[in-house]
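1. When you get a sec, could you give me coordinates for this:
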Amino acid sequence: MVRKGKEMKNLLLLVLGSALLVSPSVAQTSRSISLAEFRQTLSDYLTITDEYRGTNYAPLLATVPDATLAQWYTGVQDGRGFQQAVSGLKASVEARRNSPAPPAPSTQAMAASPASRRPPLAPQSPISSPFVSGIAATPVPDYSLYPPNWASGPDWSLMTSELQGLGYLPSGNVSNVGCDVDKEAQLSVIVSTFHGIANAADQICEAIPDETVIVLGEGTTIPAKEVCYGIDLIIGAFNSAFDIILTECQTQDDLVDAGNAQAGYNNTVSLYNLEFRLMVEDNLGNTASPMGLFELPAAQGGYLESVRAIVNNIISDMAYAGVSVTSAQAALSTGDVYYGQGKYKSAYKEYQTAYGLAVD
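-> Below is the predicted model of the structure:
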């Protein structure tokens, strides 16, 4: 009897609270939906999110009286758009639920993944001269291409699994996939609608005078505003849940964009380095017309140290491939001696000779 009395008291509070929220008449337009349609649309979306977030919001909606629901609807700018957005999401989730699970990626597909297409680095067996130390430390310009650094990890997997279940991301590996544009637009409509509902609910409670009370049996009184805000907590919970989902979608988009941007920057540098190397090798083979910038050290605005690094790299690669590079090594060492003596033009000439002996 005590439990039944408490349940009746809670129900009475809810009913009396909703009576305080009698809504004004709402002008009907081509974008309006009926109160029954509004309740069903809310129920559909809450049921979907409950399934994938492990929440229990849908049953709460059944406790909200029509009078309160009607007042919430005053915050909805486009009821028909809200209904269509939820309908599209519901259809997507049901289609995904009825479709077979995607096959696991094959070995061939994994071999073609971006991470496996990185060019192998040249063998690191530099041939340095005993005559100088500084010039041998200059690295070869790196022109290898870099795949994007996609997101991963258990927290990211949990987030994307939820978005996949709700239809905002496709099945399979989504490390380089952003949320579906159309479905994300639907989600934006849903979230903005819930913001409008939440704002309407807040304004209703603010309009209730502080001194107004609900009088219950046995001399119990409860401020009407407190009852109102108790009901308002329901829509506040809805609103917060959907904000999180939209934020997750935007986070996934940002992670994909960041991976692409970083890879784009790295590969722009790599392509510049490749172009520079091709220019150096072209001039190394042109003994009749040396380029002045390549004959000068970095201290004087030139690239002689980089030229030497490229020649040394070519010699190392040829030695690794089984080509005899004894003569090329000797010419490289002679060039290093000239570099140490400040005879930079002579050093470049010897590097040209070493390059020619290595590649011929």
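
2. Can you pull the phi and psi angles for residue 173?
-> phi -70, psi 120 (degrees, to the nearest 10).

3. so residue 73 sits right up against residue 83, yeah?
-> No - counting by C-beta atoms under 8 Å, residue 73 stays clear of residue 83, with 11.7 Å between them. Where C-beta positions appear, they are placed from N, C-alpha and C, glycine not excepted.

4. which residues are in contact with both of those two?
-> Common contact partners of residue 73 and residue 83 (C-beta atoms under 8 Å, 6 or more residues apart in numbering): residue 38.

5. which residue sits closest to residue 143 in space, ignoring its chain neighbours?
-> Computed as C-beta to C-beta, 6 or more residues apart in numbering, the closest residue to residue 143 that is not its neighbour in sequence is residue 274, at 3.7 Å.

6. what's the burial count for the one you found?
-> Number of residues near residue 274 (other C-beta atoms under 10 Å) recorded here: 16.

7. Check residue 36 too.
-> Counted with other C-beta under 10 Å, residue 36 comes out at 10.

8. On the three-state scheme, it is what?
-> helix (DSSP: H, G, I helix; E, B strand; the rest coil).

9. correct me, but residue 82 touches residue 189?
-> Yes - with contacts counted by C-beta under 8 Å, residue 82 reaches residue 189, the gap being 6.2 Å.

10. Please identify which of these two sits among more neighbours.
-> residue 82 (27 against 19).

11. for the stretch 151-300 of the chain, what are the low-confidence residue spans?
-> 207-235, 237 (pLDDT under 70).

12. show me where it has helices.
-> 154-165, 181-207, 224-284, 292-295 (DSSP state H, counting those that start in this stretch).

13. need the ones you listed in a markdown table with distance to residue 64, can you?
-> Below are those laid out as a markdown table (distance: least, C-beta to C-beta, whole Å):
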| stretch | distance to residue 64 |
| --- | --- |
| helix 154-165 | 26 |
| helix 181-207 | 10 |
| helix 224-284 | 6 |
| helix 292-295 | 76 |
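
14. Can you tell me which of those is most buried?
-> Highest mean neighbour count among these (mean count of other C-beta atoms under 10 Å): helix 181-207, with a mean of 18.

15. Tell me which other helices or strands that helix touches.
-> helix 66-73, helix 79-98, helix 224-284 (3 or more C-beta pairs under 8 Å, 6 or more residues apart in numbering; DSSP states H and E).

16. Quick check: phi and psi on residue 78?
-> phi -140, psi 90.

17. go on, residue 31?
-> Given degrees, to the nearest 10, the pair of backbone angles that residue 31 has is phi -100, psi 10.

18. Relative to residue 265, how far out is the residue sitting nearest the centre point of the chain?
-> What sits nearest the mean C-alpha location of the chain, by C-alpha atoms, centre = their mean, is residue 255, with 2.0 Å. Distance, residue 255 to residue 265, using C-beta to C-beta, to the nearest Å: 16 Å.

19. same thing with residue 78?
-> Residue 78 is 41 Å from residue 265, by C-beta to C-beta.

20. likewise residue 311?
-> Between residue 311 and residue 265 the computed distance is 29 Å (C-beta to C-beta).

21. Let me know which of the helices and strands packed on helix 181-207 is the nearest to residue 57.
-> Comparing the helices and strands packed on helix 181-207 by their distance to residue 57 (C-beta to C-beta), the top pick is helix 224-284, with 6.0 Å.

22. Can you name every helix or strand that that closest one contacts?
-> helix 2-19, helix 35-53, helix 58-62, helix 154-165, helix 181-207, strand 213-215, helix 304-320, helix 344-359.

23. and it, how far from the chain's centre?
-> Chain-centre distance of helix 224-284: 4 Å, with C-alpha atoms, centre = their mean, to the nearest Å.

24. got it, and stretch 41-58?
-> For stretch 41-58, the distance to the chain centre is 25 Å (C-alpha atoms, centre = their mean).

25. Equivalent analysis for stretch 70-77, please.
-> 34 Å.

26. Kindly format the C-alpha coordinates of that stretch as CSV.
-> The C-alpha trace of stretch 70-77 is given here as CSV (Å, rounded to 0.1, in the frame of the first residue of the first chain):
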residue,chain,number,x,y,z
ALA,A,70,2.3,20.0,-27.0
GLN,A,71,4.3,22.6,-25.2
TRP,A,72,7.6,21.0,-26.3
TYR,A,73,6.4,21.1,-29.9
THR,A,74,6.3,24.9,-29.7
GLY,A,75,10.1,24.8,-29.9
VAL,A,76,10.1,22.7,-33.1
GLN,A,77,10.7,24.9,-36.2
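
27. what residues are up against the residue nearest to residue 193 when sequence neighbours are not counted?
-> With C-beta to C-beta, 6+ apart as the criterion, residue 193 has its nearest non-adjacent residue at 4.4 Å, and that residue is residue 82. Shown in contact with residue 82 (C-beta under 8 Å, 6+ apart): 33, 41, 76, 189, 190, 193.

28. and what of residue 357?
-> Residues near residue 357 by C-beta under 8 Å, 6+ apart: 325, 327, 328, 331.

29. For the last one, give its distance to residue 46.
-> With the distance defined as C-beta to C-beta, residue 331 ends up 78 Å from residue 46.

30. and if you look at the third one?
-> In this structure, residue 328 and residue 46 are separated by 75 Å, where distance is defined by C-beta to C-beta.

31. wait, residue 85 sits on residue 190?
-> Yes - with contacts counted by C-beta under 8 Å, residue 85 reaches residue 190, the gap being 5.2 Å.

32. tell me the domain ranges of this structure?
-> In terms of domains, the chain is parsed into 2-24+33-99+149-267, 285-359 (source: automatic domain parsing).
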